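A.B. asks: Below: sequence and its predicted model.
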2 protein chains.
Amino acid sequence: MGAGQEELPGYTGLALELLKKAGARVGDRVRVVRRGAVFEGILMPRYAAFGRPIIVVKLDNGYNVGIRVDESTVVEVVKPREKVLEEAAAGAPAVLPLLEEQPPPTPKPKVMILGTGGTIASKIEYETGAVRPALTAEEIVEAVPEVGFVAEIESRVLFNILSENMRVEHWERIVEEVARAIAEGYQGVVVAHGTDTMAYTAAALAFALPGLPVPVALVGAQRSSDRPSSDAAFNLLAAVLTAARAPFAEVVVVMHGETGDTYALAHRGTKVRKMHTSRRDAFQSVNARPLARIYPAEGRIEVVAKPLRRRGETPLRVENGFERRVALVKYFPGMEAEVIDFLVDRGYRGIVIEGTGLGHVGEWLIDSIKRAVDSGVAVVMTSQCLFGRVNMNVYTTGRKLLAAGVIPGEDMLPETAFVKLSWVLARTDDLREVRRLMLTNLAGEINPRHTVDLFPRWPH
Amino acid sequence: MGAGQEELPGYTGLALELLKKAGARVGDRVRVVRRGAVFEGILMPRYAAFGRPIIVVKLDNGYNVGIRVDESTVVEVVKPREKVLEEAAAGAPAVLPLLEEQPPPTPKPKVMILGTGGTIASKIEYETGAVRPALTAEEIVEAVPEVGFVAEIESRVLFNILSENMRVEHWERIVEEVARAIAEGYQGVVVAHGTDTMAYTAAALAFALPGLPVPVALVGAQRSSDRPSSDAAFNLLAAVLTAARAPFAEVVVVMHGETGDTYALAHRGTKVRKMHTSRRDAFQSVNARPLARIYPAEGRIEVVAKPLRRRGETPLRVENGFERRVALVKYFPGMEAEVIDFLVDRGYRGIVIEGTGLGHVGEWLIDSIKRAVDSGVAVVMTSQCLFGRVNMNVYTTGRKLLAAGVIPGEDMLPETAFVKLSWVLARTDDLREVRRLMLTNLAGEINPRHTVDLFPRWPH
């Protein structure tokens, strides 16, 4: 018994040899045993453009794994593909939507994946055991071969850091590389990023790319890929699909839309927030609707909100550079003025306050805030409520803060206002111009109209 | 034409005189014109125990107004009560549920209302025109006579401040007065409070009253009572009902449960957060379910989660006193170590960090954090995600922070962890004991088990 090359598209070298030896054909249910780890699922074709010895298997949970094989690896056929297809037709779990799909006709859109680090990159191989420090974006692609059906992929690793370690200089580097890829003709860019500060980076890209002809999709994973519940493959495929085919040209965060594997959401980069420490659907839009639902299995994009720009509408324009001396300060009962004074003394040029309610702080801070503004520091007010809009005309405290020169942050997320102020202060040091820019909707960060149904439905 | 005193229960003096002159009886639809302002609705009985000249009218929106009358006030009957009741029976809006209710048999539960300020106190009279600076809790009761059906009310005004101006000393004063009222035999306590920092104060009361025999309900208003959409009357009635009759003995926040006037929610004081700048249903439980639904119109309390203690189960125990030198610090990309160093230099004894994701900060802060801990400062980690639980064993950064001595804040809200640390540090300066207390569930602030359906449903 033996299978020819035509039954094993894409396979070469050791992987091809092992599969031939087992008599396996694409579509068969196979078991691969490698150093004690057992993988069982449907053998998939291999479209990735890299030559390492990898066998791709679609597990019963719907995820593809790329199993790195070596001389000791054993492959056996558990069930021939005729039997698998028969069972699938009879109603077995629909794990095979891509099996019969052929690589789409060339030319596929060209998508650049920029690797920056985080869970999505750190353990993307579905191997048990020791945590691997990091993989290149190339390796990501090898592990999720479906992305090769959607687009012609290239990748660059910019750096490899956990996203809590991202700083302004990293934002600037990512902006540069996104712009470079667009200038080189890529029809979409994916940025693989740790989830912790992904929303901050998304906002930074949105402000620094005021002209954008293609989509830029940031993507991460909440669960590393050594866990059965990993969202890495699903999210990456959704992000590549968005970059390759979305009709809008915006900076978005693409992550799981619900706990299942039905759809991902593309959130506007200036209106998104990580709202849960561990859930797959942790990323949610606040004070706005997500832009689109992405159905990776069907290759479908459902746009549900009005985009800022359509694909191809605006030529690339880059306004890179962010001010470092900007702070985000959350108010708490009894917070002392010394905290504001300290930032002013240390040369901070901007302070975003996360105040209470409609935009308040203890009245004993107002003098220090006025001194800060008088000395040229831009002070912006947002709300720790997160939902809703700052309105500083309702109560005495708000009016006093306005009189002291505080800029009301509209319905901006505190995190977005922080990134925006950092970007604005790198453009101007005229406080009137700072105020004008902060109050102008530049990248969808201000939603002028809220509908009642924007607020989530709470469990009770 | 004239009406006897028996048709106008509770009315005395000028109000009685005006009503008699108009031939009005309780239940009639009346129009009251006072200095150009016109109020039309059903004339209600007056059960409040205060003697000021007020006529109570139930407006068509279901709210009662207490109209202060003077010599120039004109009252006229628009429709006799027989006709009103006939129309109500025929399906007119059910604005009359309380009309036929008699004062319940004595003894009613005794409830103490403590006034501290905020919107609920500042403009509770339904008069148009100039904003009144503040009213006493007595005046609140006069304006919402239904509370008199539910309980025998007394009130004390502790102070009158906007809640953004609340400080530790105010928490301590409220604790004292709540304890005093309970010691005096009140069967429930209501604390009328501004909404901006109400959740912080609720947590403070929860920790400072480890033994509590009766419910303590904090209540506020998101819209002042000069607006038709005011929630002041509805919320106050729900809070009094909770204080008077709830079967649990916990510190709760009682506020609108949805945008309509169907029910209020009683949220556990350590798990609640103001999640919207202006909505009536801004207060929501995070990482927990609300304790109960309160239906003020029906006088019904529906307990939906397991309370910490039942009414009467635990004798009063007070542990008052909070440490002032505690800070809440929200991490942002690029935050410099100087911020931590500054707090340590200034003698802060505790720092709650609102980190990213599972509980992280930029790695360049770890040295400063370690120095802080080594010098005796308690450092607690929470997450700016708000939802979910800190888990610092998953990634390198978390493990390094744990090694530096950071206390993981479980699923506590950053605000609650801040209040708790302030309370704990007033009890001990032994960091091991601080750690033990922070990791112990003292007042429902840690929810050991989360179910999937705890996360809100987001609009998409």
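C.D. replies: Everything's here; your move. Residues are numbered from 1 along each chain as shown, chains lettered A, B, ... in the order given.
A.B. asks: From A:Val214, how far off is the nearest residue to A:Arg309 once chain neighbours are set aside?
C.D. replies: Across the structure, with CB to CB, 6 or more residues apart in numbering or on different chains as the measure, the residue nearest A:Arg309 apart from its sequence neighbours is A:Ala249 (4.7 Å). (Glycine included, C-beta is placed from N, CA and C.) Distance, A:Ala249 to A:Val214, using CB to CB, to the nearest Å: 5 Å.
A.B. asks: ditto for A:Ser72
C.D. replies: When distance is defined by CB to CB, A:Ser72 is 45 Å away from A:Val214.
A.B. asks: So which residue is smack in the middle of chain A?
C.D. replies: A:Val219 (2.5 Å; CA atoms, centre = their mean).
A.B. asks: pLDDT at the residue lying closest to that residue once chain neighbours are set aside, what is it?
C.D. replies: The spatially closest residue to A:Val219, leaving aside those adjacent along the chain, is A:Ala239, at 3.6 Å (CB to CB, 6+ apart). The predicted structure scores A:Ala239 at 97 on the pLDDT scale.
A.B. asks: my guess is A:Ala239 contacts A:Val190, does it?
C.D. replies: Yes. With the criterion set as CB atoms under 8 Å, A:Ala239 and A:Val190 qualify as a contacting pair; they are 4.8 Å apart.
A.B. asks: Mutual contacts of those two, please.
C.D. replies: Overlap between the neighbourhoods of A:Ala239 and A:Val190 consists of A:217-219, taking contacts as CB atoms under 8 Å, 6 or more residues apart in numbering or on different chains.
A.B. asks: out of those residues, who's nearest chain B?
C.D. replies: Each of these was scored against chain B by CB to the nearest CB, and A:Leu218 proved nearest at 14.0 Å.
A.B. asks: in the sheet, who's paired with the residue nearest to the centre of chain A?
C.D. replies: When bridges are called by DSSP bridges, A:Val219 pairs up with A:Ala192.
A.B. asks: Next one: it from A:Leu236, what distance?
C.D. replies: Using CB to CB, we find A:Val219 at a distance of 6 Å from A:Leu236.
A.B. asks: Now do the shared contacts for the two.
C.D. replies: Any residue near both A:Val219 and A:Leu236 by CB under 8 Å, 6+ apart counts here, and that gives A:120, A:190, A:192.
A.B. asks: out of those residues, who has the most neighbours?
C.D. replies: Of all the shared contacts of A:Val219 and A:Leu236, A:Val190 has the most neighbours under the rule other CB atoms under 10 Å in any protein chain shown, reaching 33 neighbours.
A.B. asks: between A:Ser72 and A:Val214, which one's more packed in?
C.D. replies: Shown here are A:Ser72 and A:Val214; by other CB under 10 Å, A:Val214 has more neighbours (26 against 9).
A.B. asks: by contact count, what packs against the host helix or strand of A:Asp341?
C.D. replies: Taking DSSP states H and E as the criterion, the element that holds A:Asp341 is helix A:338-345. When contacts are defined as 3 or more CB pairs under 8 Å, 6 or more residues apart in numbering or on different chains; DSSP states H and E, helix A:338-345 sits against strand A:326-330, helix A:366-374.
A.B. asks: Quick one: distance of the longest one to the chain centre.
C.D. replies: On the basis of CA atoms, centre = their mean, to the nearest Å, helix A:366-374 sits 38 Å off its chain's mean C-alpha point.
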